[in-house]
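K.L.:
Using only what follows, build the 3D model:
(2 chains)
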Amino acid sequence: MISGEARAPGKLKMRAFLLGDAALTAAVPIVLAFVANGILLVALGRDPFTFYSDMFERGLFDWEGFQESIIRSAPLLLIAAGLIVAFRANLWNLGADGQFLLGAALTAGFAPSLLDSLGVWPMLLATMAIAALAGAAWTIIPALLRGRYGVNEIITTLMMSFIGIGVANVLVKGPFKTDIGGVARTDVVPFDERFPLLFGTRIHLGFAIAVVAILAIHVLMTRTSLGLRLRILGANPRAALHAGLNPVRLTLIAFMLSGALIGLSGSVEILGVQGSFRADFNPSYGLLVIPLVFLARLNAIGSLVLVIAFSVIQIGGESAARQAEITTDVLLVLVGMILLFMAVTEYLRTRRGLGMRFVPPEVAERLRPLPGEGAAAPSEPRPAVGAGEVGSR
Amino acid sequence: MSDLLSEEFLTALIAGGLVAAMPLLLASLGELVSEQAGVLNVGLEGYMLFGAYLAFVIAYNTDSEWLGMLAGAVAGAVASLLMVVLCVRMRLDQIVIGIAIILVAEGATSLLFDAQYAESRPRLDSPSELQIPLLKEIPILGESVFSQHAIVYVGVALAFVVGWMLRRTSAGLSVRAAGEQPEALDAAGVSVTATRAWATLWAGAMAGLGGAYLTIVGAGSFTPFITQGAGFIAIVIAMLSRGVAPWTIVGAVLFGMSLSIATALQLIGVDIQTDYVQMLPFIAVIVVLVLFARRSYLPSALALPYVRGEK
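P.N.:
So this is what the prediction gives:
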């Protein structure tokens, strides 16, 4: 159906366009957001210039701080990788927080005993596997409901996310709880028995895992037949069915892969940073990563850059906020503003709107439903079409 | 177990459940209409937060809970104006903008509260109750259902009014067409943009009112992040109601009760971990969806921008 030579020129053009576009659309809105946020800072009686110079000094130019930023980016990158798989298949996995916390809680719960019985490396591998499996398992119900019956996955993944947060807390306050008093938490994994550090820095193995994962996802989505099938499913589920693809199976694959990566991110946060899981721990990374992934147009490499830039702002901003004696929630405003301005800039540049679902034009062209197809549809099973479908096209 | 039927427990459960249910009911009534018009307000949580904060500030400074409620609705509507301009008018992605609105609302309200009230942490006067004569004499129900803030009765009535308007009026038909078949609405000479804009403003105002209830009646004060996911639950309630407004009452009460059951149980000496109880409604929804999976339905043009002439 889709021949190589028909794809090649469009693809090259697309890439050149994306690169030039990305550079410009990234710079302008960030500056605008900094200005808008600066006005808010002035209104609160703080000096925005001091604030921003503190932010970059800590997050980017200070070696310690920059390492912190890189460390922070590790779980975010894995979440981004997971979201890209699902979003490219036009599946809204909005349950990242539940999947992340389940992975984290199970890792923190099993790590101490596995450490005693197996040793460091088997423990690391086993807990990561458990976390990934848990994350994947958590998406099975939404995937099947969506694939078989077209039940909207925004509802189901959000529901499963709330349940996942509850289960994680039940586990940590119950079976995984230590005897130490105070806030319920799991046993702490000693610092030397967590992820090894890379090349004498403080950056842990989790960052390498995350970078490999997001690059692997890039290759998977752009260079393999599974990736193409997932993108076709995302572009037009009905056409996917007509092309002989199995939408139910593809939905399940995309969702479980997505959940596994996000579950793994929970493991990385525990084994790399936290060392144990405290009750009611919830950094809500999911909500922060979703827009980043969108602004990178579901491109893995673009997401890599944006996530690291975001981590710099977060780490630097936390320190700058402390020095300015305001709450770190000022960063939420800054990030929200960046998003708004990015969207508007993109709109003004192309008049077509950023974040409109990204489908390479040549794929969209090939996948237009054939005439007469609509009439045949009702007699067929209706996987993922019509009911509950959000945002194809 | 006989304690479970005691007057004290049931009164606490129902009264507490209704207090927790009201913000959900008001916000989901708003979201229901805009979903029917094809706009998914992921930022509902953000509207609620703005509403909650401004309602608190106004109610605290004017000593008038009704002015506070009004301010909350206005704040929510103003916040949703962003959605109208960026998503309805400029057709940007509804989910990205929605999340941006939540982030800005969380950050801004937290900062403002911190700057103005962090040290004094003022509380509002306890809200007035409207007790319905005669009905309030009924045991249990009298002290719980029929002794509530007046806005509760307004909210319940609104659920039916909205339901009637969506099904039986031409305005309601336009709203549903905007979400279902915008081309047809456009061809009929009604502006899709205007219809969706009004529906979104309604969602903002109702969510803001829900936030106002949360601070003025529910908590009696504002704390940063006070909504705690209520906006997302309201979106789910609206989706599960499948366009039939009175169903939002059932959904809101179900979620509200399960949020308050732990407190009610503590009253009679049963100490149960709140995590278990708070999962219940979500598990219930999943079970219902698994059993009746085919029955979920959403407007076909939901979250899709409308571009005239584009196919």
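K.L.:
ok, now which ones touch A:L250?
P.N.:
By CB atoms under 8 Å, 6 or more residues apart in numbering or on different chains, the residues touching A:L250 are A:A89, A:G147, A:R229, A:L230, A:L233, A:A240. For the C-beta atoms, the positions are set from N, CA and C on the backbone; glycine is no exception.
K.L.:
swap that for A:L287, sorry
P.N.:
Counting by CB under 8 Å, 6+ apart, A:L287 has contacts A:D97, B:I99, B:I102, B:L103.
K.L.:
Spatially nearest residue to the last one (excluding sequence neighbours)?
P.N.:
Nearest in space to B:L103, with sequence neighbours left out and distances taken as CB to CB, 6 or more residues apart in numbering or on different chains, is A:G336 at 3.4 Å.
K.L.:
mean confidence for the host helix or strand of that neighbour?
P.N.:
Assigning secondary structure by DSSP states H and E places A:G336 in helix A:330-350. Taken as a whole, helix A:330-350 has an average pLDDT of 82.
K.L.:
ditto for stretch B:252-261
P.N.:
84.
K.L.:
how about it: buried residues?
P.N.:
Residues B:A252, B:V253, B:L254, B:F255, B:G256, B:M257, B:S258, B:L259, B:S260, B:I261 are the ones in stretch B:252-261 that count as buried (16 or more other CB atoms under 10 Å in any protein chain shown).
K.L.:
Name the SS class of the residue nearest to B:A301 when sequence neighbours are not counted, please.
P.N.:
Closest residue in space to B:A301, ignoring its immediate chain neighbours: B:G38 at 4.4 Å, by CB to CB, 6+ apart. B:G38 falls in the coil class when you classify it by DSSP: H, G, I helix; E, B strand; the rest coil.
K.L.:
can you pull the contacts of B:G38?
P.N.:
By CB under 8 Å, 6+ apart, B:G38 lies in contact with B:A178, B:G179, B:E180, B:P182, B:R196, B:P299, B:A301, B:L302, B:A303, B:L304, B:Y306.
K.L.:
Equivalent analysis for B:A252, please.
P.N.:
B:A21, B:M22, B:L24, B:L25, B:S28, B:A234, B:I237.
K.L.:
change it to 10 Å
P.N.:
For B:A252, the residues meeting the contact criterion (CB atoms under 10 Å, 6 or more residues apart in numbering or on different chains) are B:17-18, B:20-29, B:155-156, B:159, B:210, B:233-234, B:237, B:241.
K.L.:
How many neighbouring residues does the residue nearest to A:V333 when sequence neighbours are not counted have?
P.N.:
Nearest-residue entry for A:V333: B:G107, 3.5 Å, with adjacent residues in sequence omitted and distances by CB to CB, 6+ apart. B:G107 has 25 neighbours, counted by other CB atoms under 10 Å in any protein chain shown.
K.L.:
on that earlier part again, which two of the contacts of A:L250 have the greatest separation?
P.N.:
Greatest spacing in these, by CB to CB: A:G147 and A:R229 (13.7 Å).
K.L.:
Which pLDDT does the model give residue 283?
P.N.:
Reading this off chain A. Here, the pLDDT recorded for A:P283 equals 85.
K.L.:
wait, chain B
P.N.:
Confidence score, pLDDT, at B:I283: 85.
K.L.:
in the helix or strand hosting it, what's buried?
P.N.:
Per DSSP H and E, B:I283 falls inside helix B:274-291. Across helix B:274-291, burial judged by 16+ other CB under 10 Å covers B:T274, B:D275, B:V277, B:Q278, B:M279, B:L280, B:P281, B:F282, B:I283, B:V285, B:I286, B:L289.
K.L.:
correct me, but the fourth one touches B:M257?
P.N.:
When you say that, I think you mean B:Q278. No. Counting by CB atoms under 10 Å, B:Q278 does not reach B:M257; the two are 11.2 Å apart.
K.L.:
Can you show me the strands along chain B?
P.N.:
Per DSSP state E, chain B has strands spanning B:130-131, B:147-148. These are given in chain order.
K.L.:
do the stretch 251-393 of chain A as well
P.N.:
For the stretch 251-393 of chain A, none of the segments meets the definition of strands by DSSP state E, counting those that start in this stretch.
K.L.:
any low-confidence regions in it?
P.N.:
Within the stretch 251-393 of chain A, the segments meeting pLDDT under 70 span A:349-393.
K.L.:
Go through the strands of chain B and find the least confident stretch.
P.N.:
Looking at those, the lowest mean pLDDT belongs to strand B:130-131 (a mean of 67).
K.L.:
what ranges do the helices span in the stretch 51-200 of chain B?
P.N.:
B:65-83, B:94-117, B:141-144, B:150-168, B:170-180, B:182-187, B:192-213 (DSSP state H, counting those that start in this stretch).
K.L.:
A:I270 is nearest to which of those helices?
P.N.:
Of the helices of the stretch 51-200 of chain B, nearest to A:I270 by CB to CB is helix B:94-117, at 25.3 Å.
K.L.:
quick check: angle from that closest one to helix A:330-350?
P.N.:
In terms of direction (axes from the mean of the first three to the mean of the last three CA atoms, to 10 degrees), helix B:94-117 departs from helix A:330-350 by 140 degrees.
K.L.:
so how far is B:L254 from the residue nearest to B:A301?
P.N.:
B:G38 sits 27 Å away from B:L254, going by CB to CB, to the nearest Å.
K.L.:
cool, and A:P112?
P.N.:
A:P112 sits 39 Å away from B:L254, going by CB to CB.
K.L.:
Over to A:V167?
P.N.:
A:V167 is 20 Å from B:L254, by CB to CB.
K.L.:
Likewise for A:I253?
P.N.:
With CB to CB as the criterion, A:I253 and B:L254 are 34 Å apart.
K.L.:
cool, A:I165 as well?
P.N.:
As judged by CB to CB, A:I165 and B:L254 stand 19 Å apart.
K.L.:
ok, the residue nearest to A:V333 touching A:L288?
P.N.:
No. Look at B:G107 against A:L288 with CB under 10 Å: they stay out of range, at 11.8 Å.
K.L.:
Identify the contacts common to those two.
P.N.:
By CB under 10 Å, 6+ apart, B:G107 and A:L288 have these common neighbours: A:L331, A:L332, A:V335.
K.L.:
which residues sit in contact with the residue nearest in space to the middle of chain A?
P.N.:
Nearest to the mean C-alpha position of chain A, counting by CA atoms, centre = their mean, stands A:A80 at 2.5 Å. Going by CB under 10 Å, 6+ apart, A:A80 touches A:73, A:96, A:210, A:213-214, A:217, A:261-262, A:265, A:285, A:289-290, A:292-293, A:296, A:298, A:300, A:302-304, A:306-307, A:310.
K.L.:
does it sit in a helix or strand, and which one?
P.N.:
Here A:A80, judged by DSSP H and E, is contained in helix A:63-88.
K.L.:
again with A:G147
P.N.:
helix A:140-149.
K.L.:
Using CSV, list the CA coordinates for the one helix or strand A:F51 maps to.
P.N.:
Using DSSP H and E, the element containing A:F51 is helix A:48-56. Only the C-alpha atoms of helix A:48-56 are listed here, as CSV (Å, rounded to 0.1, in the frame of the first residue of the first chain):
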residue,chain,number,x,y,z
PRO,A,48,12.4,38.8,38.1
PHE,A,49,16.0,39.2,36.9
THR,A,50,17.4,37.8,40.1
PHE,A,51,14.9,35.0,39.9
TYR,A,52,15.8,33.9,36.4
SER,A,53,19.5,34.3,36.9
ASP,A,54,19.2,32.2,40.0
MET,A,55,17.2,29.6,38.0
PHE,A,56,19.7,29.2,35.3
